[in-house]
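Asks: When you get a sec, could you give me coordinates for this:
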Amino acid sequence: MFSSNACSFMCKSGVGGWSSCSNFSASQRRRSAPSRVTCCAPTSSSGKTHGGFVMDKEANGTPTAVGETPTSGGGVRDVYGEDKATEDQCVTPWSVSVSSGYTLIRDPHFNKGLAFTEEERDAHFLRGLLPPSVISQETQVKKMIQHIRQYQVPLQKYVAMMDLQERNERLFYKLLLDHVEELLPVVYTPTVGEACQKYGSIFMQPQGLYISLKEKGRILEVLRNWPEKNIQVIVVTDGERILGLGDLGCQGMGIPVGKLSLYSALGGVRPSACLPITIDVGTNNEKLLNEELYIGLKHKRVTGQEYAELLHEFMNAVKQIYGEKVLVQFEDFANHNAFSLLEKYRSTHLVFNDDIQGTASVVLAGVVSALKLVGGNLTDHRFLFLGAGEAGTGIAELLALETSKRTNVPVEELRKNIWLVDSQGLIVKSREDSLQHFKRPWAHEHEPVKELVDAINKIKPTVLIGTSGQGRAFTKEVIEAMASINEKPIILSLSNPTSQSECTAEEAYTWSQGRAIFASGSPFDPVEYGGKVFVPGQANNAYIFPGFGLGLIMSGTIRVHDDLLLAAAEALASQVTEEDYSKGLIYPPFRNIRKISAHIAAKVAAKAYELGLATNLPQPKDLVKFAENSMYTPAYRNYI
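Replies: Numbers count the residues shown, from 1 in each chain. All right, here's what the predicted structure looks like:
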C-alpha cells in the first residue's frame, strides 16, 4: 500500500506514533479500509520536489485525486473513506498521518475515550494510556448526561458541554441529539446569551476564526490558517446585536459556535464542514472596553467605508477559497448593516440572514400551523408587530409573500393587513420621511398611535407578534385587549433570551383566561390553568436553518430565493400532528428534529431544482431519503 519512495515521510521517527515503515505489520496492512494516502512527489533530477497530492482509492482499486470527482450527496469530499464504509466496517483515523497513542486520545475528531476496543488499543498504541475498562458510547452518553445534570447553573452546563466538544466531538453530538429537548437551551438560546456576555472569562481555546481590523488586506491568508479546507457552511457575526443583549463585540463568537453545533446535530452537516467566524471591528460597549478580560479590540466600532471594505474583502476571500456553493449565514448584525449586507451579496454569493429570513420562515410556519386551531385563511387575519427591525420586517414580508402566493393578490396590497409598532409608535404614512428604508413599506394611512394597547384597540389584530427585545412589553392590559377582540388570540413572544421575552407563557395563558395560542423564542415550561395543562411552543430558528442549510448543500444551490424560505416554512408546518394540536402546540416537538430537518431539506432542494438554482445533477428521486442518507451520524466508527 505504501511505496518507500513516495511516502517516505511516514518512515520518520515520531511521526504519527510510528517509528518506521516496518512497524506496519502485514495484518495491519490487510485490515486497511478505503484509504487516504498523503504522498510526496519523487525528487526530480534537479533535486526539487514537484509538490504533494492526496489520493483516494476507489472500490475498484483505481486511485483518483481528491476533489477530482463530484461529492456524494452534495457533501464534503470523503477523503477519509468514512462515508464509503458501513458503520460496522473499519475506517482509518487520518490526520497528517495515522493518529495514534497520546495524540489520538487528544484529538476530539477521533477520540472515543473508554470506548476504544481492545484491538484498537493494540493497533494504535493506547495500552496504558486508558484505564482497562471498555464501555460503549451509549454508556458514555448516560454518564455525561448525569454529569451535566449535576450542575444547577445553566452557564456551568454550557461550559461542560463546550469542554466535551473539545475532547470528544462524536460524544458531544450524540449526547446533544439523544437529549435535544433538554440540552438545546444549554448550547443555544437562552444560555448562549449569558455565555457571550461572559465569554472573556470562560474562554478556553478558539473554536472558530477571529478576523479583526488587524487582518485587513490579509483575510485570505487568515482563512487558510483554518485546518479544515472543505467548508460548506460559515456562520459569521460582527457581534453588534447579540440576541436582545446589544453590542458584545468579539464575545459574540458564542453565536456562530452554537449555531454550527446545531447545523451538525440537528441538520446533519458534517462538523468539519462548518466554520464559525467573528468579524471584530471594535465595540461600543463601554463595560467591555473597560473589562480586563475582554478578548477583542479595545476601541469604538469602526463604521462607514473601512467597515464596508473589510466585509467586502471577507466575502470575496470566502468565495475564492471555498467556492461558489459555500453558504454564508449572517448572524446578529445590527439593522443598519444586516439589510444592506443581505441586499449587496444575495445576487453574488450564497447568503442567508437567519435573523431576517430564518426567523421569518419559522414564524410563518407557526402562523400557518395555528390556522388549524383558530380557523380561516391568511387573508382573514390581521397582524400587529411590536418591533420593526430585521426580525419584524423580515417576518412581515414573508407573511405577505406567502399570502400572495396562495391568493395571487399583489404583495403591495397584502402589506396593508400587516401593521408594525416601533419605539415611536404605530408606523404610519405621516412618519414616512423619518423612517428607515426597510420600515417604509409598512407605513399605512392611519392616525398616529403611540401606545401598543391603543394600537391593538384600533387595528384589532388577530395575531400579535413581539420582536422588540423589550422584556415584558406585553403587559396584562395588552394581553387582555387581544383576548377581548379574539376568541383565540395568537400571541408570539419571540425575543431572546428569556429575560427579553415580551411575556411569559404563564402570563399569556393566565391573562387570556387560557384562550391564547402561544409560542415564544426561548423555552418555557408547561402551564396549568383552569385544570388544563398548556404546553407552550417554541418558535425557534433551530427548526429551520439546519434543514434549510442541508437542503442547499445537498442540491448544490448557488443562490437563496424567497421561494426556498416559503418551502421551508410549509415543510415545518406540515410536521405538526393532531396530537401536537391537542396540546395547543403549533410546532412539532424537537425530539423529532432530524426527521423534521430531512423533510425541510427535501422541500428546499425540490424547490431549488424547480427554480434551476441547483447544480448537483441529476435530481435524486427520493429527496427525503437522500437527505437522511446525507446526514452526519455521531456514532463511533471502528478504527484500524
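Asks: residue contacts, Thr139?
Replies: Counting by C-beta atoms under 8 Å, 6 or more residues apart in numbering, Thr139 makes contact with nothing. Using the backbone N, CA and C atoms, a C-beta is placed for each residue, glycine as well.
Asks: 10 Å - rerun?
Replies: If a contact means C-beta atoms under 10 Å, 6 or more residues apart in numbering, then Thr139 has 114-115, 133 as its contacts.
Asks: Could you tell me which of the residues you listed count as buried?
Replies: Neighbour counting by 16 or more other C-beta atoms under 10 Å classes Ala115 among these as buried.
Asks: just for the stretch 51-200 of the chain, where's the confidence low?
Replies: Counting by pLDDT under 70, the low-confidence segments of the stretch 51-200 of the chain come to 51-87, 95-96.
Asks: just the helices in it please.
Replies: When assigned using DSSP state H, counting those that start in this stretch, the helices of the stretch 51-200 of the chain occupy the ranges 101-105, 118-123, 137-149, 154-167, 169-178, 180-187, 191-197, 199-202.
Asks: just so I know, which of those helices lies nearest Pro526?
Replies: helix 180-187 (12.4 Å; C-beta to C-beta).
Asks: Buried by neighbour count: which residues of the closest one qualify?
Replies: 180, 182-187.
Asks: Include distance to Ser340 when you put these into TSV, please.
Replies: TSV is the format used below for those (distance: C-beta to C-beta, whole Å):
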residue	distance to Ser340
Val180	35
Glu182	39
Leu183	36
Leu184	32
Pro185	32
Val186	34
Val187	30
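Asks: Out of those residues, which is nearest to Val533?
Replies: Nearest to Val533 among the buried residues of helix 180-187: Glu182, at 19.0 Å, using C-beta to C-beta.
Asks: Am I right that that closest one is in contact with Met144?
Replies: No: Glu182 lies out of contact with Met144 (C-beta atoms under 10 Å); the separation is 12.0 Å.
Asks: got the contact list for Glu291?
Replies: Contact partners of Glu291, counting by C-beta under 10 Å, 6+ apart, are 200-201, 251, 285, 298.
Asks: try it again with 8 Å
Replies: Applying C-beta under 8 Å, 6+ apart as the definition, the contact partners of Glu291 turn out to be Gly200.
Asks: Number of residues surrounding the residue lying closest to Gln140 once chain neighbours are set aside?
Replies: Taking C-beta to C-beta, 6 or more residues apart in numbering, and ignoring the residues beside it in sequence, Gln140 has Leu171 as its nearest neighbour in space, at 5.6 Å. Applying the criterion other C-beta atoms under 10 Å, we find 23 residues in the vicinity of Leu171.
Asks: before we move on, what about Gly304?
Replies: By the other C-beta under 10 Å criterion, the neighbourhood of Gly304 contains 7 residues.
Asks: Now do the phi/psi pair for it.
Replies: Main-chain torsions, Gly304, degrees, to the nearest 10: phi 70, psi -140.
Asks: so Glu309 sits right up against Leu213, yeah?
Replies: No: taking contact to mean C-beta atoms under 8 Å, the distance of 10.1 Å between Glu309 and Leu213 leaves them out of contact.
Asks: pretty sure the residue nearest to Gln140 is touching Lys142, no?
Replies: No: proximity of Leu171 to Lys142 does not meet the contact threshold set by C-beta under 8 Å, at 11.4 Å.
Asks: joint contacts of Glu309 and Leu213?
Replies: Overlap of the contact sets of Glu309 and Leu213 (by C-beta under 8 Å, 6+ apart) is empty.
Asks: list the contacts for the residue nearest to Gln140?
Replies: Contact analysis of Leu171 by C-beta under 8 Å, 6+ apart lists 112-113, 137, 140-141, 144, 164, 634.
Asks: domain ranges for this protein?
Replies: 101-176, 191-353, 357-539, 543-630 (the TED database).
Asks: Now distance to Gln89 too, for these, in CSV please.
Replies: Conversion of the domains of the chain to CSV gives the following (distance: least, C-beta to C-beta, whole Å):
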stretch, distance to Gln89
domain 101-176, 14
domain 191-353, 18
domain 357-539, 37
domain 543-630, 16
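Asks: ok, and Leu341, which helix or strand is that part of?
Replies: Taking DSSP states H and E as the criterion, Leu341 maps to helix 335-345.
Asks: one step back: which ones among the contacts of Thr139 map onto strands?
Replies: Where these are compared with strands, as defined by DSSP state E, there is no overlap at all.
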